[in-house]
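> model this:
(one chain, ligands or ions: 1)
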Amino acid sequence: MSENRPILTTRQGHPVRDNQSTRTVGERGPATLENYQFIEKITHFDRERIPERVVHARGAGAHGWFEAYGKIGDEPASKYTRARVLNETGVKTPMFVRFSTVAGAKESPETERDPRGFAVKFKTVEGNWDLVGNNLKVFFIRDAIKFPDMIHAFKPDPVTNRQEAWRFFDFVAQHPEAIHMVTWLKSPWGIPANYREMEGSGVNTYKLVNDKGEAVLCKFHWQPKQGVRNLTSAQASEIQAKDVGHATRDLYDNISAGNFPEWEFCVQIMPDGPNDHLSFDPLDDTKRWPEDQFPLLPVGRMVLDRVPDNFFAEVEQSAFGTGVLVDGIDFSDDKMLQGRTLSYSDTQRYRVGANYLQLPINAPQPGVKVYSNQRDGQMTYGVDGTGQNRHINYEPSTLGEGLAEAPKKTEYHQPVEGRLGRYQTSRTEDDYAQAGHRYRTFEDWEREDLIANLVADMKQCPEPIQLRMVWHFWHADEDYGRRVAEGAGIDLEKAKALPPLPGRAAPHKRLQAETYTEGGNAPQKVAAE
Ligand code: HEM
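Residues are numbered from 1 along each chain as shown. Predicted coordinates:
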């Protein structure tokens, strides 16, 4: 044993001379109330947990860095964006990444069939930029107002506390736009082998803005240099029987062994505007931007090279939000993105506390000094930088002291026109073409696994849900609907005879015959090469 071990103290700095025994009156007498050391220890322990994230509760994190190529495809990055993090080469921007599953609780198995969260914090010289994404490039819904209902259906039943397939499909059956995501999720792509061998995507549509104040629409993607590897349900069950934290273990083991995972950061871009010529709405996050029309343009790379020193301080208390953008990256009118942007910082003020941005894991890099007039609140750790006159914690000041506004830049001014209202549909008329295309372009083993998983799920659903789900699958691809119906013993003709959902247009059968093209499973092919 080392003689030089640090001495145990209380949080008040008092040395602890006996950490083994409670103070009592005599050897067998009662404990006394003035035992400050004991009371501090136990009462702090009583408060060790904070609420788990309402979604994405199970996660693992790692530190690393990002390096820009200074280009977007063949063009200088400055043509599209003035964000320094994407323009300046030779700079290693520090990063923190948290991977997660969505519906499971904090200690739930990492083998679950679920999208994987891929949340990234760039600590840039211009302040933080968070990109809060998933592994799959699309989502179930396209309007944020539906998110709480969707999560209620996906999380455990309020009576039995069990996740139920029928509750999941009861919600999905009312949302044709979810069929594309469900087709990915119920295939092996719904269980990535680990966090290293999976893609990431911002999913929602953003804008890049250049020095002239011109904007393009864009999507962000992470392509793993390790390739993509997914599991069948049977493979996942085998791992889960032995290890419920296999993905965290894989991440930590590889980083600790110096086998640093790396992703290429890519963007897809298209002109801002209505883009009426497209068969899908680029602001609809249930659709992919076909990669043959909108190629993935490399902009930089990310390497993860350090595991956290402490899980709670760095991973549990980390807080990512879609509102955290740097100059040169902007919001689009993607309704999901706008709804999400309210939700993240709101939940973090509740989950971590009003001053969550003062924690080292969430604060900007040390080179970026925070000067703000935000003050006080629980757990205030420091006072943000002020001007010379520390009495002036407001702005503007007649005395010309205190903090000053930053110099103006050429703003991007988006023209907006329309009638205020609640619009149920997106401009995308067809919610089945991309799902059907996905079904047809899966490899055989992926399609087999997809059908087997859906058949098992359908068997747990009551008939009205079964019929409506088969109706959706059949509209995506006739073979898809037929195979699910046959496997689960569902009457295909009865399903086909259903009327369209109330308030939804009849599906466009003609689109199924059209050749719809998309980039395909490009990363998986990279892995196989
Ligand atoms: C309107 C829709 C959505 C809402 C309201 C919403 C809300 C939330 C909330 C409240 C959290 C917990 C945050 C925390 O406690 O720190 C969260 C976490 C997360 N969400 Fe969403 N979400 C939505 C859609 C999405 C979508 C489309 C994606 C993927 C692109 C996504 C990816 C994530 C990720 C990765 C996390 C975990 C972040 C972390 O690791 O700390 N969410 N979301």
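
> CA atoms for contacts and neighbours, from now on please.
Noted.

> what's near enough to touch Val102?
The neighbours of Val102, taking CA atoms under 8 Å, 6 or more residues apart in numbering as the test, are Val55, His56, Ala57, Arg58, Asp114, Pro115, Arg116, Gly117.

> switch the cut-off to 10 Å
Residues near Val102 by CA atoms under 10 Å, 6 or more residues apart in numbering: 53-59, 112-117, 134, 151, 154-155.

> now Gly300
66-72, 85-87, 89, 222, 263-267.

> so which of those also contact the ligand?
By CA under 6 Å from any ligand atom, no member of those lies near the ligand.

> for ChimeraX, write the select line for the buried members of those residues.
Buried residues within the contacts of Gly300, by 16 or more other CA atoms under 10 Å, are selected in ChimeraX with:
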select :66,67,68,69,70,71,72,85,86,87,222,263,264,265,266,267
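
> now do the strands in the stretch 201-350 of the chain.
Here the stretch 201-350 of the chain has its strands, by DSSP state E, counting those that start in this stretch, at 206-209, 215-224, 262-271, 297-306, 329-331.

> Throw those into CSV and include distance to Gly418 and mean pLDDT, thanks.
Listed next are the strands of the stretch 201-350 of the chain as CSV, based on distance: least, CA to CA, whole Å; pLDDT from 0 to 100:
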stretch, distance to Gly418, mean pLDDT
strand 206-209, 20, 98
strand 215-224, 20, 98
strand 262-271, 20, 98
strand 297-306, 33, 98
strand 329-331, 18, 97
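
> save the ones you listed as TSV, and put in distance to Leu467 too.
Below are these laid out as TSV (distance: least, CA to CA, whole Å):
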stretch	distance to Leu467
strand 206-209	37
strand 215-224	35
strand 262-271	37
strand 297-306	42
strand 329-331	39
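
> next, the residue most central in space within the chain: secondary structure please.
Against the mean C-alpha coordinate of the chain, by CA atoms, centre = their mean, the closest residue is Gly133 at 3.4 Å. Following DSSP: H, G, I helix; E, B strand; the rest coil, Gly133 is assigned to strand.

> try the one 5 residues further on
Taken by three-state DSSP, the conformation at Val138 corresponds to coil.

> ok, it to the ligand distance?
With distances taken as CA to the nearest ligand atom, to the nearest Å, Val138 is found 8 Å from the ligand.

> can you name the residues that contact Glu446?
Trp184, Lys186, Ser187, Pro188, Trp189, Asn230, Leu231, Thr232, Tyr439, Ala452.

> low-confidence ranges in the protein?
Segments of the chain classed as low confidence (criterion: pLDDT under 70) are 1-2, 425-429, 508-529.

> which residues of it lie near the ligand?
Applying CA under 6 Å from any ligand atom, one finds that the chain approaches the ligand through 53-56, 98-100, 117-119, 132-134, 139, 144, 147, 202-203, 319-320, 336, 339-340, 343-344, 347-348.

> from those residues, list the buried ones, please.
Among the residues of the chain next to the ligand, those classed as buried by 16+ other CA under 10 Å are 53, 55-56, 98-100, 117-119, 132-134, 139, 144, 147, 202-203, 319-320, 336, 340, 344, 347-348.

> Val54 contacts Phe147, correct?
No: assessed by CA atoms under 10 Å, Val54 is found out of contact with Phe147, at 11.7 Å.

> distance between the longest helix along the chain and the chain's centre?
Longest helix in the chain, counting residues (DSSP state H): helix 335-351. Computed by CA atoms, centre = their mean, to the nearest Å, the chain-centroid distance of helix 335-351 equals 12 Å.

> mind giving me the packing neighbours of the next helix or strand after that helix?
Where DSSP states H and E defines the elements, the next helix or strand beyond helix 335-351 is helix 433-441. Using 3 or more CA pairs under 10 Å, 6 or more residues apart in numbering; DSSP states H and E, the elements in contact with helix 433-441 are helix 179-185, helix 444-458, helix 463-476, helix 478-488, helix 510-513.

> make CSV from these and add distance to Tyr412 to it.
Output for the helices and strands packed on helix 433-441, formatted as CSV (distance: least, CA to CA, whole Å):
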stretch, distance to Tyr412
helix 179-185, 33
helix 444-458, 44
helix 463-476, 39
helix 478-488, 45
helix 510-513, 37
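
> do you know how far Trp189 is from the ligand?
Using CA to the nearest ligand atom, Trp189 is found at 15 Å from the ligand.

> tell me the bridge partners for the residue nearest to that residue when sequence neighbours are not counted.
In space, Trp189 comes closest to Asn230 once its chain neighbours are excluded; the distance is 5.6 Å by CA to CA, 6 or more residues apart in numbering. With DSSP bridges as the criterion, Asn230 is bridged to Pro192.

> before we move on, what about Phe99?
Ala60, Phe118.

> doesn't Pro192 make contact with it?
No: if you go by CA under 10 Å, Phe99 and Pro192 don't touch, sitting 11.6 Å apart.

> need the residues touching each of these two.
Overlap of the contact sets of Phe99 and Pro192 (by CA under 10 Å, 6+ apart) consists of Arg116, Asn135, Ala247.

> which ones are touching the first one?
By that I understand Arg116. 56, 58-59, 99-103, 110, 133-136, 190-192, 194-195, 198-200.

> ditto for the second one
Under the criterion of CA under 10 Å, 6+ apart, the contact list for Asn135 reads 99-100, 114-119, 189-190, 192, 195, 198-203, 221-223.

> for it, what are phi and psi?
With angles defined as degrees, to the nearest 10, Asn135 sits at phi -80, psi -40.

> leaving out sequence neighbours, find the closest residue to it.
Leaving aside its chain neighbours, Asn135 sits nearest to Gly200 (4.1 Å; criterion: CA to CA, 6+ apart).

> how many residues are close by that neighbour?
As a burial measure, Gly200 scores 27 neighbours (other CA atoms under 10 Å).

> wait, it touches Lys219, no?
No: taking contacts as CA under 10 Å, Gly200 lies outside contact range of Lys219: 11.2 Å.

> mind listing the shared neighbours of the two?
Contact criterion CA under 10 Å, 6+ apart; residues bridging Gly200 and Lys219 by contacting each: Lys137.
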